[in-house]
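*Asks:* Mind folding the following:
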Amino acid sequence: MSICGKKVVVLGGSSGMGLATAQAVVEQGGHVMIASRTEQKLKSAADKVKKNVETYVLDATDEKAVQEFFDKVGNFDHLVSTAADGLTGDFLELPVSEARKTFESKFWGQYYAAKYGAPCMNQGGSITFCTGLLSRRPMHGYSILSAINGGIEALARAIAIEVNPIRVNVVSPGIVDTPLYENLSTEERIKYFNSLIKKLPVQKIGKSYDIAHAILYLMTNEFTTGTVLEVNGGHLLV
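*Replies:* I've put the predicted structure just below:
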């Protein structure tokens, strides 16, 4: 199935993996609707995508706003949700209120997107969530994100049965060089990435376009649903 001529909604499409997905959709002849919180980032993203792009300011944690967004968008073909914030910290020390904020952003944001987006989707449509390897490889200080990722993956398998024939899948990235690491200095980022490169079978750090290609596969393969697609460079093997 081709993406050419299809309308694709990308939540969190103003940077990183979401932006790479938006660019890939347009390169394949599709039309993309990017939604994100920051108008300035949306303008920058639209300039990079260049054509066949619409932008919408949206807080994905606001249920009413998400519902109104899909009412405004109308019928479309595919939904991709990469929007999320993620707090980290020791389980016993991280305030419950902060943990709830992370659930609001990453779990409930994707839940709202699927709930209100699915009724607007055309025949042959698909939903793609984004999680990460923490659901299978927990790390110290990441208990909340591990739980959320696992929850999203279970949700995808469950609603794949309920909203059929709409297909519902998950892409689970490994360590990918995205703006998520901008809080580190250049030296710290290079040191961290280099330490991982030595361990990974592919001998490289993931790029946003690696994940975008995987998302395109999930959108266009009509026989794939309820699946978690690992794109992690072999991280789980080491």
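*Asks:* Please identify the buried residues of the strand ranked longest in the chain?
*Replies:* Across the chain, the longest stretch assigned as strand under DSSP state E is strand 121-130. Under the neighbour-count criterion of 16 or more other Cβ atoms under 10 Å, strand 121-130 has 121, 125, 126, 127, 128, 129, 130 buried. No exception for glycine: its C-beta is placed from N, CA and C like everyone else's.
*Asks:* Report the contact partners of the last one.
*Replies:* The neighbourhood of residue 130, defined by Cβ atoms under 8 Å, 6 or more residues apart in numbering, consists of 12, 17, 80, 81, 82, 84, 110, 170, 171, 172, 173, 211.
*Asks:* Equivalent analysis for the third one, please.
*Replies:* By Cβ under 8 Å, 6+ apart, the contact set of residue 126 is 77, 78, 79, 166, 167, 168, 169, 218, 219, 225.
*Asks:* low-confidence ranges in the chain?
*Replies:* Across the chain, the ranges flagged by pLDDT under 70 are 84-86.
*Asks:* Which parts of it are strands?
*Replies:* 7-11, 31-36, 53-57, 76-81, 121-130, 167-173, 228-231.
*Asks:* Throw those strands into CSV and include distance to residue 200, thanks.
*Replies:* What follows is the strands of the chain, written out as CSV (distance: least, Cβ to Cβ, whole Å):
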stretch, distance to residue 200
strand 7-11, 27
strand 31-36, 30
strand 53-57, 33
strand 76-81, 25
strand 121-130, 20
strand 167-173, 13
strand 228-231, 12
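*Asks:* the helices in the protein, which residues?
*Replies:* In the chain, helices defined by DSSP state H lie at 16-27, 39-49, 63-73, 96-102, 109-117, 143-162, 186-197, 208-220, listed in chain order.
*Asks:* roughly how far is the third one from the heart of the chain?
*Replies:* The gap between where helix 63-73 is centred and where its chain is centred comes out at 18 Å by Cα atoms, centre = their mean, to the nearest Å.
*Asks:* If you count neighbours, what's buried in it?
*Replies:* For helix 63-73, using 16+ other Cβ under 10 Å, the buried residues are 63, 66, 69, 70, 73.
*Asks:* follow-up on the earlier one: just curious, which of the buried residues of strand 121-130 is nearest to residue 231?
*Replies:* residue 130 (10.3 Å; Cβ to Cβ).
*Asks:* Look up which residues are beta-bridged to that closest one.
*Replies:* residue 171 (DSSP bridges).
*Asks:* From residue 191, how far out is it?
*Replies:* 26 Å (Cβ to Cβ, to the nearest Å).
*Asks:* before we move on, back to that, could I get the helices of the chain as CSV with distance to residue 7?
*Replies:* Putting the helices of the chain into CSV (distance: least, Cβ to Cβ, whole Å) gives the following:
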stretch, distance to residue 7
helix 16-27, 9
helix 39-49, 14
helix 63-73, 8
helix 96-102, 30
helix 109-117, 12
helix 143-162, 21
helix 186-197, 36
helix 208-220, 12
